[in-house]
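S.K.: coordinates only, no sequence provided:
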């Protein structure tokens, strides 16, 4: 329990520093700044694998229900982190669409994402707890999760216009508009403003709610995916949270380059198919830890490489 408390306190400190120190004043996040923070979060995430090794080697007492060796725990953490990071790409597409739809100025986008990430940490924690509990209580749940992931991969493969999402036509927006007054005006970084005797929601709050709900929808895929790697609660939670914490800076870094990485969609399909099949056959055959990590790393590398090669424009012949 001590490890959990320290980890959560660490998350709170990082978030407090983010909003209260590094981004105290609203400003447009440049690609350079976003790139630096993306590198920082990725570095911290991989460095934490060393902490995982230390914890599971007996450095501090931690529940180890699967009796994992420290090197296996470290590989599972890194594999889970890469899965969550890769599945975040779809989330970035949706965030970009939501901001464009509600005309959120770049200067206020960081504030929306900050509170969105904070909510995502809470909701992911609850979903991870539920998923781990179900797998530990009902072993056959692995087949349900596995089949769902394979179905999702096939749906992604054969469904076109996967990112054809219209936030203002969504159930979330229509429901929100029924239960509270909404203004189309943006006043600084406020989520709510006074209009005569009413408190009304601004587009920033609407965008926040839509992004939060969509993150929960994406978690329906990502949580079962990481449970295919391990059902150890701390490994699942920590790898998931590090991917979420780095999502904000990654959004600002990739937002203007998303079209260049169109072939990453096929990497995600391959990864979801792999982890889904892994869950379906888990009681008959278990892949070595390095196989899962190697496959996911290779799928991401190939997707990025092909995307970059295909996006290069042919030089004009003079």
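M.R.: Nice, thanks for sending it over. This structure is a prediction, so every number in the text was calculated from the model and none was measured. Residues are numbered from 1 along each chain as shown.

S.K.: can you pull out the low-pLDDT segments for the stretch 101-250 of the chain?
M.R.: Scanning the stretch 101-250 of the chain for pLDDT under 70 picks out 160-165.

S.K.: and the strands in it?
M.R.: Taking DSSP state E, counting those that start in this stretch, the strands of the stretch 101-250 of the chain run over residues 192-195, 198-201.

S.K.: let me have those in JSON lines, adding mean neighbour count as columns.
M.R.: Quick note: C-beta positions are derived from backbone N, CA and C, even for glycine. Listed next are the strands of the stretch 101-250 of the chain as JSON lines, based on neighbours: other CB atoms under 10 Å:
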{"stretch": "strand 192-195", "mean neighbour count": "13"}
{"stretch": "strand 198-201", "mean neighbour count": "14"}
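
S.K.: could the ones you listed be laid out in JSON lines, adding distance to residue 168?
M.R.: Rendered in JSON lines, the data for those read as follows (distance: least, CB to CB, whole Å):
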{"stretch": "strand 192-195", "distance to residue 168": "20"}
{"stretch": "strand 198-201", "distance to residue 168": "14"}
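
S.K.: and of the ones you listed, who's closest to residue 154?
M.R.: Comparing these against residue 154 with CB to CB, the closest turns out to be strand 198-201 (38.3 Å).

S.K.: which elements pack onto the closest one?
M.R.: When contacts are defined as 3 or more CB pairs under 8 Å, 6 or more residues apart in numbering; DSSP states H and E, strand 198-201 sits against strand 192-195.

S.K.: can you list the residues that contact the strand it packs on?
M.R.: By CB atoms under 8 Å, 6 or more residues apart in numbering, the list of residues contacting strand 192-195 from outside reads 181, 183, 185, 187, 199-202, 205.

S.K.: can you tell me which of these is closest to residue 79?
M.R.: Among these, and counting by CB to CB, the member closest to residue 79 is residue 205, at 36.5 Å.

S.K.: ok, the closest residue to the closest one other than its chain neighbours - contacts?
M.R.: Spatially, and ignoring its direct neighbours in sequence, residue 205 is nearest to residue 191 (3.9 Å; CB to CB, 6 or more residues apart in numbering). By CB under 8 Å, 6+ apart, the residues touching residue 191 are 201-202, 204-205, 208.
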